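Participant: With the input below, show me the fold.
(2 chains)
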Amino acid sequence: MPGSSLHQPVAHDSATLYVTGEARYVDDIAFPADGLHIALGLSERAHAHIMEMDLSDCLASRDVVTVLTAADIPGDNDASPVFGDDPIFAENTVEYHGQAIFAVVARSAKAARMAVAKARIIYQDLPAILTIDDALAQNHYLETPYVLTTGSVETALATAQHTLSGAIRIGGQEHFYLEGQAAYAMPGEAGDMTISVSSQHPTEVQHKVAQALGVPFHAVTVDVRRMGGGFGGKESQSNLPSIISALAARKTGSPVKLVYDRDEDMRVTGKRHDMLISYAVGYVDNGRISAIDVDQALRCGMSYDLSQAIAERAVLHAHNCYAIDHMRITSRLCKTHTPSNTAFRGFGGPQGMMAMERIIEDVAAALHLDPVVVRQRNYFTDWTTAKKAQLTAYHMPVRDCIINTLTDQLLASSDYVRRRQAIESFNQSSPIFKKGIGFAPVMFGISFNKTILNQAGALIHIYTDGSVHLNHGGTEMGQGLYTKTRQICAHAFGISDDMVKITATSTGKVPNTSATAASSGTDLNGMATQHAAETLKGRMAEYLSTLYQTSADAVRFVEGQVHIGDERISFAEAASQCWQGRISLSATGFYATPDIHWDRDAGRGSPFYYFAYGASVSEVTVDILTGESRVNQVDILHDVGHSINPAIDLGQIEGGFIQGMGWLTMEELVYGDDGRLLTHAPSTYKIPATSDRPDEMYIDLYESDGNRSDTIHKSKAVGEPPFMLAMSVYGAVSHALQSLGQYPDTYPMLNTPLTAEHILMTAHQMKASG
Amino acid sequence: MRSEIRFLLNGEEQSVKAINPDTTLLNWLRLIKMLTGTKEGCGEGDCGACTVVVADLNQSGQLIYKAVNACILFLPMLDGLSITTVEALRRSDGALHPVQAAIVEGHGAQCGFCTPGFVMSLYAGYENSMADNRHNIQQILSGNLCRCTGYGALIDAGLSAARHCPSASEHEADLSRRKIEYEYLQRAQDDKAMLSIETSEQAFYAPRELSELASLTRKYPDATFLAGATDIGLWVTKQHRQINRFIYLGRVNALKTISRTDDRVTVGAAVTHAEAMAALATDFEGLAEVWQRFGSAQVRYSGTVAGNIANGSPIGDMSPCFLALGAELTLNHAGKRRQLALDAFFISYGKQDRKQGEFIEAIRLPRLGSKEAVHAYKISKRFDQDISAVLMAVWIRRDGQLISDIRIGFGGMAATPARAYRLEQVLKGHDVEQPLPDAAVSALAEDFQPISDMRASSAYRLLVAENLLRKMLIEVSQDNGVKRLYPSSLPPAPDVPKAITMTMIEAGE
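Facilitator: Predicted coordinates:
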């Protein structure tokens, strides 16, 4: 019997199924030959009245069974997560190019798609607001701008030794999960409905399907075995295909499947919010910043979706890991006639932090300092040396800061100072290729900023052969949650991982769950799993200790055995004996994160249980004749506390970095003047490919005694924080271009993404003004 | 004539009748054979989730393994070939194939959806003995997207699998599988019957001989010529177009040849990019980077050089290169041939000098003289598998420092691939040691008024084109040569798959 796999780099629980093609995703589940398929009819206008809609040719098209419109919804015409503002099918007005208006149900996906093209819809165009600038010009917001303040910003700026101001445009991002949105609805008896879906949020799918069908929640069961990638894009966006499949299944009585093709997926679903962030900053000669006044405008699209919470996280991360006395952060939720932007790894944090890092770069350039020095002069103090906890903008005491030590270690291991000097001398003798080196620190708050969501449930059954069935509310999207919770469960019972099977997340097993999001999957579900296991161990220990006439403290679960005083029996035997003793071998576990609270109106509270920290150094080469760039080397030091599975954590860090690098460099969403998304397929929307991975990439986990907060086995969340490590690429490109001139006349006012075009045009402008 | 499609699938002979010929291999695998390991990620050959491996014989009759995108291949195109999907890689004792084991051990799969595609690309690389260095791995995986891992673990898995030393039984199994495939492919090659599928709505013909092709084109002048389907596949999967009649060029042996004379290389209509890239690497070293960056491994294994020209796309990468080389086309209309200079072929957007029923039979490329060279530059958002914003190719003949003759082809600058005639005039006689003359900049702006689209703005296209000319002058004038961003990752000549001969199989190698 091998020992516990806890803290060991064990393979993903589905790894063998993945490489053999046996792992099933929604579209792979056995589907009856008479099952039906759906294609969506999408708006061809950004903002318009629907004057007439004639679907008779769609209905007459070959192999078509029926069509669905808003009139076919027995319950609520709403797919939104919170605010009730996302119609399933647009009725009178369309509000974005790509919005669903109707659906065709046919015997094959191809027949459905052929039929969709035959719809005749007459629109009357209405004025469309497409961009952040349009929305700002017309004060077209979802709600009154939100302002969070600490100290007195105006006074501090007015009395600062130096001030500067600027703005940065930060691009959006398509999730590009490899598996598109997919849902499969199976009608049952008495109006019941079972949905298999690729979703991070089965409970919300359950609620939305039930509300659309007009049935109680108990009539709908939602199962999610795995997703082919999520990244936030399947938090709310999986509602729509689930609801439409269910409506079709209800109407036809047949099993129905809706699998978006890539173009549909990219046109219909929301993306990461692009933002325009302007700022003013006050600082002194040594680089210490006294005040920032930051104005964040984000393109939300046609509805709220999760934008309010995303905007909030952008605000809460607007000062990253810096202790600044006077701050004002304003957040403007721009309503635009574009897809409703949604959750994406980092959830607003990346944009808020990117602007702060740009501020640091500007201040450093103005003072002719290494930006790392400016960072170090403004960091929160490490908890080991702080006399008193410093406060964030929202007055949360920072009690776990390690960014100073972590930075020192990374600067040393990456040989940052020497490399920076070498690069600067290289650039003097290299007219075409300019190198640059950048640094970025990350401090990311862990917990849903909406406190009530920080809860989770788990369910464990022990069978009489000693095998264990584990289920919990968290979903698997590749991040390794199932692998980690299985390790936690097996460790608790002292059995090997293969004795624990973790089964598809189901609303029928664990109810009322939160989305698997906010990096919280393992923190919440791992702890709930642990609690369920402890409950069962307690019951078993009590019974067995009575049976063997010893005390419950004398019962231990070790290496596949149960030690009961001096007796040793196998775990299977223990389970069997408990069953014979009529002891329940099924238990739930529940966890709610302690010590967190948040008052949005006041802008005060401690919304996070703890912070995750990390830092990175990136080196790039830029071709100033073409603007092309390449990241050559990356060094990362990241804090995951006491890792439950270092292989999975390293995978999250590298994957997060590369995804962030894509966001900041090559991934560009382009909309036409009519609001149509022009980059709606991988032919035009470019995510990093194999050769974009830097040739040299060194990733280390920060060594410590583990999380200072009482998390599951002292680990830290790892899903989102590494995404923002990619910000060092921005600093590196900026550094490369700064070799072309001097602040402020010739300074690269870089936006993102840093496409070859943007870099060349920026360099060209610098040369023109230099 | 034969109406059923025959091929090997995972070692088993298949015979498929009465199927619409535009059925994609992917849909057939997933919907008919219930082999759902092969995934659809994009339906346009850009993500590689649908990668399967096709075994084929090359022009020398050697066994070669090609990773291809099943989502845009039509089933009849597989006639006579051997297909392997991810489900068939496990050894008979259940053990994982070395590429599968390496991905599991190296933590190379997170969500797992792209994984079967990576497995199959690496399997092709493994079989072709190519996966032994980082550059080759990048080439092998150029058409596979992963959104989770960041690729490091997958690159390492490929390298680690290549170091795997097969056991005696594994080796035995590989040899016997290769032998089965080899013998099947040879039998299929000897079967000279033309595949002819006619359903109530569609028809598909795969002639073996030029004479059969000529009579088909006479009979069906409105038929669509099909070669690699890397473009036409998308007409079906993306535009949902109904194509009534296909004439497939890929089984006509006479069109698959590359031939050489002292002054010319001739590339047949059915020659793929992978074949041309390998065969012409030494003839046109200056095209190596463009060719290695053309599409992806999967696209280069399927797509043909002639197809890239025939579709007339203003952003096809080969056309500007061949314009610069001064290529000529041999057009064939029902057996009647005519020669046409490539720049006369492109008339306007979507319009080429090609009659109904006429196809490009061959491309004739003048070989480079001792004072001649070609230089090509590709600008795109991503290094691999991206469509160019601008592609510039320059053929140059020098007399000492002076440019005695020059041809410049551009892609992405006009409605068709186009020569920069005014610019060429200005640069004739230019001293390469001298900076780019202002007159060249204005000539460029007279030659082209590019559009703005999702790939680049008009202003960027003009500016980068101007700068590429500067870069070209630096490269031409300085011995230490190429000023490219990826110098370390691109050897001048790509490694080619190491084909397997029957002798090798029989010798147990």
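Participant: who in the stretch 1-150 of chain A is up against chain B?
Facilitator: A:9, A:11-12, A:14-25, A:27-28, A:30, A:110, A:113-114, A:117 (Cβ under 8 Å from any Cβ of the partner chain). C-betas here are computed from N, CA, C, even on glycine.
Participant: Pull out the buried residues from the residues you listed.
Facilitator: A:11-12, A:14-25, A:27-28, A:110, A:113-114 (16 or more other Cβ atoms under 10 Å in any protein chain shown).
Participant: okay, now residue 161: neighbour count?
Facilitator: In the absence of a named chain, this looks at chain A. Using other Cβ atoms under 10 Å in any protein chain shown, A:Gln161 has 11 other residues around it.
Participant: Actually, chain B is the one I wanted.
Facilitator: Neighbours of B:Ala161 using other Cβ under 10 Å come to 25.
Participant: Surely it is in contact with B:Val99?
Facilitator: Yes. Using Cβ atoms under 8 Å, B:Ala161 is in contact with B:Val99, at 4.4 Å.
Participant: Next, show the common contact partners of these two.
Facilitator: B:Leu122, B:Tyr126 (Cβ atoms under 8 Å, 6 or more residues apart in numbering or on different chains).
Participant: give me every residue that touches A:Cys321.
Facilitator: Residues near A:Cys321 by Cβ under 8 Å, 6+ apart: A:Tyr379, A:Phe380, A:Cys401, A:Ile403, A:Pro441, A:Val442, A:Met443, A:Tyr613.
Participant: pLDDT wise, what is residue 428 at?
Facilitator: Just so you know, I chose chain A. With respect to pLDDT, A:Gln428 has a value of 95.
Participant: actually it's chain B I care about, not the one you picked
Facilitator: For B:Lys428, pLDDT reads 98.
Participant: With A:Ala736 instead?
Facilitator: The score at A:Ala736 is 98. That number is its pLDDT.
Participant: Can you get me a residue count around it?
Facilitator: 27.
Participant: In terms of helices and strands, where is it?
Facilitator: Under the criterion of DSSP states H and E, A:Ala736 resides in helix A:727-738.
Participant: what's the domain layout of the chain?
Facilitator: Picked chain A for this. A:15-21+A:455-592, A:33-127+A:176-268, A:369-447+A:606-769 (automatic domain parsing).
Participant: oops, I was thinking of chain B
Facilitator: B:5-190, B:372-477.
Participant: ok, the residue in the stretch 251-400 of chain A that chain B sits nearest to - contacts?
Facilitator: As assessed by Cβ to the nearest Cβ, chain B sits closest to A:Arg262 within the stretch 251-400 of chain A, at 4.4 Å. A:Arg262 is in contact with A:Gly180, A:His680, A:Ala681, A:Pro682, B:Gly41, B:Cys42, B:Gly43, B:Glu44, B:Cys47, counting by Cβ under 8 Å, 6+ apart.
Participant: so which of those residues is the most crowded?
Facilitator: B:Cys47 leads the contacts of A:Arg262 on contacts (other Cβ under 10 Å) with 33 neighbours.
Participant: Enumerate every residue touching that one.
Facilitator: Counted by Cβ under 8 Å, 6+ apart, B:Cys47 has contacts A:Leu178, A:Arg262, A:Pro682, B:Gly41, B:Cys114, B:Gly117, B:Gly143, B:Asn144, B:Leu145.
Participant: do A:Thr194 as well
Facilitator: A:Ala185, A:Met186, A:Gly188, A:Val220, A:Thr221, A:Val222, A:Asp223.
Participant: hmm, 6 Å instead?
Facilitator: Applying Cβ atoms under 6 Å, 6 or more residues apart in numbering or on different chains to A:Thr194 gives the contacts A:Met186, A:Thr221.
Participant: how close does it get to A:Leu470?
Facilitator: Going from A:Thr194 to A:Leu470 by Cβ to Cβ, to the nearest Å gives 21 Å.
Participant: wait, what's in contact with whichever residue of chain A sits closest to chain B?
Facilitator: For chain A, the residue closest to chain B is A:Gly21, as judged by Cβ to the nearest Cβ, at 1.9 Å. Shown in contact with A:Gly21 (Cβ under 6 Å, 6+ apart): B:Gly37, B:Val86, B:Glu87, B:Pro116.
Participant: Max pairwise distance over those: which two?
Facilitator: Across those, no pair lies farther apart than B:Glu87 and B:Pro116, at 8.7 Å, counting by Cβ to Cβ.
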